[in-house]
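Enquirer: A predicted structure for the sequence below; I have some questions about it.
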Protein chains: 2
Amino acid sequence: MKLPAPITELIDQFEGLPGIGHKTASRLAFYMLNIPQERLNRFATALSELKTKTNRCSRCFNLTDTPQCSICTDPARDNSLLCIVEEVLDLVGIEQTRKYNGRYHVLYGRIDPLNNMGPDDILIPQLMKRLAQESEDIKEIIIATNPTMEGETTAMYLKKIIDEYAANHTLTIKISRLAYGLPMGASIEFADYGTLGRSFENRNSY
Amino acid sequence: MKLPAPITELIDQFEGLPGIGHKTASRLAFYMLNIPQERLNRFATALSELKTKTNRCSRCFNLTDTPQCSICTDPARDNSLLCIVEEVLDLVGIEQTRKYNGRYHVLYGRIDPLNNMGPDDILIPQLMKRLAQESEDIKEIIIATNPTMEGETTAMYLKKIIDEYAANHTLTIKISRLAYGLPMGASIEFADYGTLGRSFENRNSY
């Protein structure tokens, strides 16, 4: 049976989302048939206004619906700490830990030579411009890129250019990297070699 | 951190869908930020037009974007067979088997006394009206309600009123029910008692 066009269209749209297959998309589309038109309209408005009403913070490039994001405009935040992340969702994750009270810089990507992504294809130039304006306040930069090949490459590149910048301007900027080791609740037996190796290299006195 | 309002609004909308939790909803909303505005608008239109452009077939109540559905308007379908299902998705599932070439009737629910759903709260009156118009053609009615307490109740009720109708109009209408037994690929060891019991009761000569 050919389903009515409005339903197949919605199934197609849901199917285009990550992690949603044809069966889930169908179930969602048929579910939508039973919810009030008013809620469908609200969902539709949320979708079409998502990007038009959201922009990047002029300072840290976090997402915001105001010129600067809620972190940059918060006077209680520590200006001497700057945390560099790959994506906004990384920032959201770090915020949820409530362990960090400094500022952020979002790169929107990583250096990935295999996919033709160089330092100028992500927001590294904007980071250096920002350093030129704020570097007198900054005491420590925390590089929080992912523990992947590309994240490590990006971290190494960032360390190099920030060290150069600090040397040229006779500044002392501490550069740190997130700790890598066994995740909480994991068992040593099932840890992969890379993680277990890191947790030995970076062991702490106790 | 407080996420921008347009993002939290979309997360809320996704979270309202069945089987989508907060984490998946966030991931979907952030994914949406990276797709072209044109695709967002198409998704939004699909949502708001879903119900306005879809209606129920005037004959079998299947969903359609034309006055009668593609099954009812198909002249190659067998008018002597009528299959009664609870929901449109049941019909879609049966169609995918390609084992059935008759017509359908969608009840949009089941008799469920605990939730105050009686015969007149689902499309049983419409079924009886249709029988009055088409019963001379109909040779067999296949009751394809779910093998649940409510589905069984509905099936028993349907059998009773269809038998009465046939007797009153001196018609011979065969009433059948889908076979219940072991699902294909299942193992007897892990089958539940109800299913295994049914598969014994309804065993076939071999």
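Expert: Received, thanks.
Enquirer: Look up phi and psi at the closest residue to residue A:111 other than its chain neighbours.
Expert: Sequence neighbours aside, residue A:154 is the residue nearest to residue A:111 in space, at 4.5 Å (criterion: C-beta to C-beta, 6 or more residues apart in numbering or on different chains). Quick note: C-beta positions are derived from backbone N, CA and C, even for glycine. With angles defined as degrees, to the nearest 10, residue A:154 sits at phi -60, psi -40.
Enquirer: Residue A:154: neighbour count?
Expert: A count of nearby residues for residue A:154, using other C-beta atoms under 10 Å in any protein chain shown, gives 25.
Enquirer: Same check on residue A:91?
Expert: 25.
Enquirer: Same question for residue A:41.
Expert: For residue A:41, the neighbour count with other C-beta under 10 Å is 14.
Enquirer: what about the residue nearest to it when sequence neighbours are not counted, distance to residue B:40?
Expert: In space, and not counting its chain neighbours, residue A:41 is closest to residue B:48: 5.3 Å by C-beta to C-beta, 6+ apart. Going from residue B:48 to residue B:40 by C-beta to C-beta, to the nearest Å gives 13 Å.
Enquirer: So which of the two has more stuff around it?
Expert: Between residue B:48 and residue B:40, residue B:40 has the larger neighbour count (other C-beta under 10 Å), namely 22 against 18.
Enquirer: now that one, nearest residue through space, not along the chain?
Expert: In space, residue B:40 is closest to residue A:47, 5.1 Å off (C-beta to C-beta, 6+ apart).
Enquirer: And the strand or helix carrying the one you found, what's buried?
Expert: For residue A:47, the host element (DSSP states H and E) is helix A:37-52. Buried residues in helix A:37-52, counting neighbours by 16 or more other C-beta atoms under 10 Å in any protein chain shown, are found at A:40, A:42, A:43, A:44, A:45, A:46, A:47, A:48, A:49, A:50, A:51.
Enquirer: going on from that helix, what's the next piece of helix or strand?
Expert: Next helix or strand after helix A:37-52 toward the C-terminus (DSSP H and E): strand A:55-56.
Enquirer: Work out the gap between the next helix or strand after that following strand and the centre of the chain.
Expert: Next helix or strand after strand A:55-56 toward the C-terminus (DSSP H and E): strand A:63-64. Chain-centre distance of strand A:63-64: 12 Å, with C-alpha atoms, centre = their mean, to the nearest Å.
Enquirer: what's strand A:63-64 packed up against?
Expert: strand A:55-56 (3 or more C-beta pairs under 8 Å, 6 or more residues apart in numbering or on different chains; DSSP states H and E).
Enquirer: So in that sheet, which strands flank the strand it packs on, and in what orientation?
Expert: strand A:63-64 (antiparallel) (DSSP bridges).
Enquirer: could you give me the average pLDDT of the strand it pairs with?
Expert: Per-residue pLDDT over strand A:63-64 has a mean of 93.
Enquirer: Following the chain onward from that strand, which element is next?
Expert: Using DSSP H and E, the next helix or strand after strand A:63-64 towards the C-terminus is strand A:78-85.
Enquirer: Give me the residues contacting that next one.
Expert: A:91, A:94, A:100-107, A:127, A:134, A:137-145, A:158 (C-beta atoms under 8 Å, 6 or more residues apart in numbering or on different chains).
Enquirer: what about 7 Å?
Expert: With C-beta atoms under 7 Å, 6 or more residues apart in numbering or on different chains as the test, strand A:78-85 has contacts from A:91, A:94, A:100-107, A:127, A:137-144, A:158.
Enquirer: give the contact list for the residue nearest to residue A:111.
Expert: Contacts of residue A:154 by C-beta under 7 Å, 6+ apart are A:110, A:111, A:145.
Enquirer: before we move on, what about residue A:32?
Expert: Counted by C-beta under 7 Å, 6+ apart, residue A:32 has contacts A:10, A:40, B:47, B:50.
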